[in-house]
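Visitor: Generate coordinates for the sequence data below:
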Amino acid sequence: MSLHRRDWIAGLDKGLSLIQAFDEAHSRLTASQVSQRCGLTRTAARRYLLTLQHLGYAASDGKLYWLTPKVMRLGQAYLESARLPRLVQPSLQRVAVGTQEISFVAVLDGYDVVYVARNGQNRSMNTSFALGARVPAHTTASGMLLIALQGPKYVDDWLQSSPLTTFSSYTITDPQAMRQDMATIREQDWCLSERQLDPNYRGVAVPLRDHKGTVLAALSVSMLIQNESPAQAVRRVLPLLRETALALMPML
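Guide: Residues are numbered from 1 along each chain as shown. Here you go, the predicted model:
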């Protein structure tokens, strides 16, 4: 989306970038560290941090700053206002009951997928599968599916600009192998991904399309890899996933 210069609010852009400077590896930062990660002067970074602290989105011990749970209101606002998570929830429950697995709906955000709806018991699952989690697209069935369905040019651009980071010994890091997998996924219109993020899990995903045929999200299930072969897992869950996606199509 293009935006006219007069409509651009630089302060909002910088404030949101500052919030995103905090992550698992950088949970507590000094003003200097924030300035380096955001490309701001230390003085500007400190003013933004103090403003966030005043608003309750950050806390500080006088040297280090960290985010507070209030930041979660930003993501919660999406989950409560967006139409998609509300529409798919009953269908997710049916998938979870029908497969006895955890079901998800994920959307593509840049080169990551974000889980916007889920249903099923937590069990001993990787926290990366939690509601609202952001995961590199190449490590999940949903992400690979959504990237592949953007078309060959998008896949090429993605491979050139997004590193295929290793998360397990099974993670696909070879661009040519990934390109071939993407072509197969695009042709069959579903995806099986195994051990890419967590060596104990596999996922199967199908696209969720609206009534015009536009891909909006991915519907998937995640399951522990036990005594079931990949082919057996696909035969067990894929028909229900496809049936559910087709039933949802007129409503999306």
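
Visitor: use CA for all of it now, contacts and neighbours both
Guide: OK.

Visitor: mind listing what's buried in the helix or strand of the chain at the bottom of the mean pLDDT ranking?
Guide: Every helix and strand of the chain was ranked by mean pLDDT, DSSP states H and E. The lowest is helix 72-81, at a mean of 87. For helix 72-81, the neighbour count (16 or more other CA atoms under 10 Å) marks Leu79 as buried.

Visitor: OK, contacts around Gln89?
Guide: Ala117, Arg118, Asn119 (CA atoms under 8 Å, 6 or more residues apart in numbering).

Visitor: where's it, which helix or strand?
Guide: Assigned by DSSP states H and E, Gln89 belongs to helix 83-99.

Visitor: So, low pLDDT: which residues of the protein?
Guide: Applying pLDDT under 70 to the chain flags residues 1, 122-128.

Visitor: run the last query once more with 90
Guide: Low-confidence segments of the chain, defined by pLDDT under 90: 1-8, 10, 24, 75-82, 110-111, 120-134, 162-163, 226-227.

Visitor: where's the least confident helix or strand of the chain relative to the chain centroid, distance-wise?
Guide: Helix 72-81 has its C-alpha centroid displaced from the chain centroid by 15 Å (CA atoms, centre = their mean, to the nearest Å).

Visitor: now stretch 182-191
Guide: With CA atoms, centre = their mean, you get 19 Å for stretch 182-191.

Visitor: Domain-wise, how is this structure divided?
Guide: Using automatic domain parsing, the domain parsing of the chain gives 5-71, 82-251.

Visitor: winner for burial among those?
Guide: Mean neighbour count (mean count of other CA atoms under 10 Å) peaks for domain 82-251 among the domains of the chain, with a mean of 18.

Visitor: could you say what helices and strands the longest helix belonging to the chain packs with?
Guide: Longest helix of the chain, by residue count under DSSP state H: helix 230-248. Contacts defined by 3 or more CA pairs under 8 Å, 6 or more residues apart in numbering; DSSP states H and E place helix 230-248 against helix 83-99, strand 201-209, strand 215-224.

Visitor: Any chance of TSV for those, columns distance to Pro69?
Guide: Shown next, in TSV, are these (distance: least, CA to CA, whole Å):
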stretch	distance to Pro69
helix 83-99	22
strand 201-209	29
strand 215-224	27
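
Visitor: can you state the direction angle for the longest helix of the chain and strand 215-224?
Guide: 140 degrees (axes from the mean of the first three to the mean of the last three CA atoms, to 10 degrees).
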